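Trainee: Below are the sequence and a predicted model for it; my questions follow.
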Amino acid sequence: MNKDFEFAIKRIRFDEHYHPSENTRITTNFANLARGESRRENLRNTLKMIDNRFNALAHWDNPQGDRYGVELEIISVEMNVDAQRSGHSIPLIEVLKTSVVDRKTNERFEGVVGNNFSSYVRDYDFSVVLLGHNKGQAGFSTPADFGDLHGKLFKCFLNSSAYRENFSKLPVICLSVSSSRTYHRTENQHPVLGVEYQQDEYSLTDEYFSKMGLKVRYFMPSNSVAPLAFYFSGDLLADYTNLELISTISTMDTFQKIYRPEIYNANSAAGKSYQPSLKHEDYSLTRIVYDREERSRLAIEQGKFVEEHFIKPYQAVLEQWSANYAL
């Protein structure tokens, strides 16, 4: 099979009225926030935190700190495995896309797609393949082809007509830094992204995302307490406007404060040499309810679901396509 797969994109507004659809991944972080008794308050507080963070970073010509608002859309990507037959679409990726509303000029700007990146095959790789590969082993290792299929599927999506018709720029995926690595502050400072950090060795996530064609840089924005990892292709500093970058920072800084308060809502900021830790105890909690233990358990269940309904049924097709796939 030399023909690339076909992709379809669905959009749904992420606001305080959001209800996860039945086929939305239950492990998706934004879906986790939208369940339970506190769902409406969770969503309202999260969106308010994002707006406040955006206005704090976009402070020029913004004396009251309320000029801008951030709107979010959930982008769900489905892949048609067999173009000759209908009903063979597989949910592949979910991300958030930002838009920025300027309340002073009544203008609306496109933001960045890629926030809160979530992938079915990635769940399978980390929760099934990696755990199975290391079961019973004395040391930790990864399979030789770890992340190959996922990386090729992601590149195929970025090169598809579906992506080009819906998005004008390539994605930026912003994640937490790794607790297994030490980061060192540099003298480089960007007016929006903040102080740049570097590390001596890439993490497993860095290597996984490199197979998706993405480079990584680490920046700690103003008034943040830990660096964020920015994954991108192209030029992170030149390809995006300040408002686009701020939309990603404000969104992901907020979500990370909720998901990983030990790192991103710590009561002291990262120093010149910094190793993140989820065992850190000097941190504050947000008012937003988030069940991290449930999410970890569900990630394994989700990975097994992907194995059963995607990897195994289409294994021959996927292996042949992957072997022949080239940009």
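Mentor: Arrived safely, thanks for sending.

Trainee: which residues touch residue 280?
Mentor: Going by CB atoms under 8 Å, 6 or more residues apart in numbering, residue 280 touches 262-263, 266. Where C-beta positions appear, they are placed from N, C-alpha and C, glycine not excepted.

Trainee: Out of those residues, which end up buried?
Mentor: 262-263, 266 (16 or more other CB atoms under 10 Å).

Trainee: Among these, which lie within helices?
Mentor: 262-263 (DSSP state H).

Trainee: Could you single out the nearest of the buried ones among the contacts of residue 280 to residue 142?
Mentor: The closest of the buried ones among the contacts of residue 280 to residue 142 turns out to be residue 263 (CB to CB; 23.8 Å).

Trainee: That closest one touches residue 256, doesn't it?
Mentor: Yes: between residue 263 and residue 256 a contact is recorded at 7.1 Å, counting by CB atoms under 8 Å.

Trainee: so what's residue 126 closest to, chain neighbours aside?
Mentor: Counting by CB to CB, 6 or more residues apart in numbering, residue 126 lies nearest to residue 303, which is 7.2 Å off, once chain neighbours are set aside.

Trainee: what kind of secondary structure is the one you found in?
Mentor: helix (DSSP: H, G, I helix; E, B strand; the rest coil).

Trainee: can you give me the strands in the stretch 1-150 of the chain?
Mentor: Ranges of strands in the stretch 1-150 of the chain, per DSSP state E, counting those that start in this stretch, are 6-14, 68-80, 89-102, 107-119.

Trainee: Any idea how many residues pack against residue 322?
Mentor: 16 (other CB atoms under 10 Å).

Trainee: For it, which residues are in contact?
Mentor: By CB under 8 Å, 6+ apart, the residues touching residue 322 are 148-149, 152.

Trainee: Let me know the closest of these to residue 181.
Mentor: Taking CB to CB as the measure, residue 181 lies nearest residue 148 of these, at 22.9 Å.

Trainee: Could you report the neighbour count for that closest one?
Mentor: 14.

Trainee: likewise the one 5 residues further on?
Mentor: Other residues within reach of residue 153, judged by other CB under 10 Å, total 26.

Trainee: isn't it right next to residue 121, touching?
Mentor: Yes: judged on CB under 8 Å, residue 153 makes contact with residue 121 at a distance of 6.4 Å.

Trainee: returning to what we had before: roughly how far does the residue nearest to residue 126 sit from residue 183?
Mentor: Distance from residue 303 to residue 183, counting by CB to CB, to the nearest Å: 29 Å.

Trainee: Any chance you could list residues touching both of residue 263 and residue 256?
Mentor: Common neighbours of residue 263 and residue 256 (criterion: CB under 8 Å, 6+ apart): residue 176.

Trainee: Now residue 207: closest residue in space that isn't a chain neighbour?
Mentor: Counting by CB to CB, 6+ apart, residue 207 lies nearest to residue 147, which is 7.4 Å off, once chain neighbours are set aside.

Trainee: Pretty sure residue 78 sits against residue 10.
Mentor: Yes: using CB under 8 Å, residue 78 is in contact with residue 10, at 7.1 Å.

Trainee: what about the strands in the stretch 151-300 of the chain?
Mentor: So, for the stretch 151-300 of the chain - with DSSP E, counting those that start in this stretch - the strands run 173-176, 183-190, 194-199, 215-220, 228-232, 273-274.

Trainee: who's in contact with residue 314?
Mentor: Contact analysis of residue 314 by CB under 8 Å, 6+ apart lists 81, 90.

Trainee: and the gap between it and residue 118?
Mentor: 20 Å.

Trainee: follow-up on the earlier one: tell me which of the strands of the stretch 151-300 of the chain sits most buried.
Mentor: The highest average neighbour count among the strands of the stretch 151-300 of the chain, using mean count of other CB atoms under 10 Å, belongs to strand 228-232 at a mean of 23.
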